[in-house]
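> quick one, what's the 3D model for this:
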Amino acid sequence: MSEDTALVVGLGNPGPKYEKTRHNIGFMVADVLAGRVGGSFAAHKRSNSDIVQARLDGRQVIVAKPRTYMNLSGGPVAGLAKFFSVDAANIVVIHDELDLDFGTIRLKLGGGENGHNGLRSTSSSLGTKDFLRVRMGIGRPPGRQDPADFVLKPFSTTERKELDLFCEEGADAVELLLRLGLEGAQNRIH
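Numbers count the residues shown, from 1 in each chain. Model prediction:
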């Protein structure tokens, strides 16, 4: 990646009701990143987001959590990108991924949204799908459970035992992506 400012956005839903749910894994990883740089999230009113501004490996990085619900995430992401003059190639979105087993992390550039409303909103608001993604596997719902219901449920007892480590690994993936670029980070993670 270039040395330009990077925008790292964790997707999730605001409020205590959603705090520990699968859909909020992006927020959880953003919290880990903020902790690593010793930053506290503060309101960025122009974008309706909470942000931490920091330097990672000498590079300016904005870590953000939109204050909107998941399906409206794109507005805050686009607002931050415009305010900080960050182009899509320097945007990293961290999100939950049903098509990956819990604990699996995959990195990619662009692609479809696979029914993920946060990604759909972000693509629509940015006018492109060509932004970097840190896909945090949460697995498929059991039986015939509706995926929309599944992502809004807390992690299972077994998953909760591994959740902190999984979020740390997600933060590691973001840092590798910023340091080595997509191909270099994929070679280490995949």
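> in the protein, which residue is most central in space?
Central residue of the chain (CA atoms, centre = their mean): residue 94, 1.7 Å from the mean position.
> report pLDDT for it.
pLDDT recorded at residue 94 is 98.
> shouldn't it be within a helix?
No - using DSSP: H, G, I helix; E, B strand; the rest coil, the secondary structure at residue 94 is strand, not a helix.
> which pLDDT value goes with residue 1?
For residue 1, the predicted pLDDT is 51.
> so what does the helix ranked longest in the chain touch, helix or strand wise?
The single longest helix within the chain, with elements called by DSSP state H, is helix 157-189. Helices and strands touching helix 157-189, by 3 or more CB pairs under 8 Å, 6 or more residues apart in numbering; DSSP states H and E, are strand 6-10, helix 25-36, strand 49-56, strand 91-97, strand 105-109, strand 132-137. Quick note: C-beta positions are derived from backbone N, CA and C, even for glycine.
> what lies in contact with the third one?
Counting by CB atoms under 8 Å, 6 or more residues apart in numbering, strand 49-56 makes contact with 6, 33-34, 37-44, 60-67, 76, 79-80, 175, 178-179, all of which sit outside it.
> send me it as CSV with only the CA atoms.
Output of strand 49-56 as CSV, limited to C-alpha atoms (Å, rounded to 0.1, in the frame of the first residue of the first chain):
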residue,chain,number,x,y,z
SER,A,49,-18.6,8.1,13.2
ASP,A,50,-16.3,7.5,16.2
ILE,A,51,-12.7,7.7,15.2
VAL,A,52,-9.1,7.3,16.5
GLN,A,53,-6.3,9.0,14.6
ALA,A,54,-3.0,7.4,14.9
ARG,A,55,0.3,6.3,13.3
LEU,A,56,0.9,2.7,12.5
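> partners of that strand, with directions?
strand 42-44 (antiparallel), strand 59-66 (antiparallel) (DSSP bridges).
> and it, how far from the chain's centre?
Put simply, strand 49-56 sits 13 Å off its chain's centre (CA atoms, centre = their mean, to the nearest Å).
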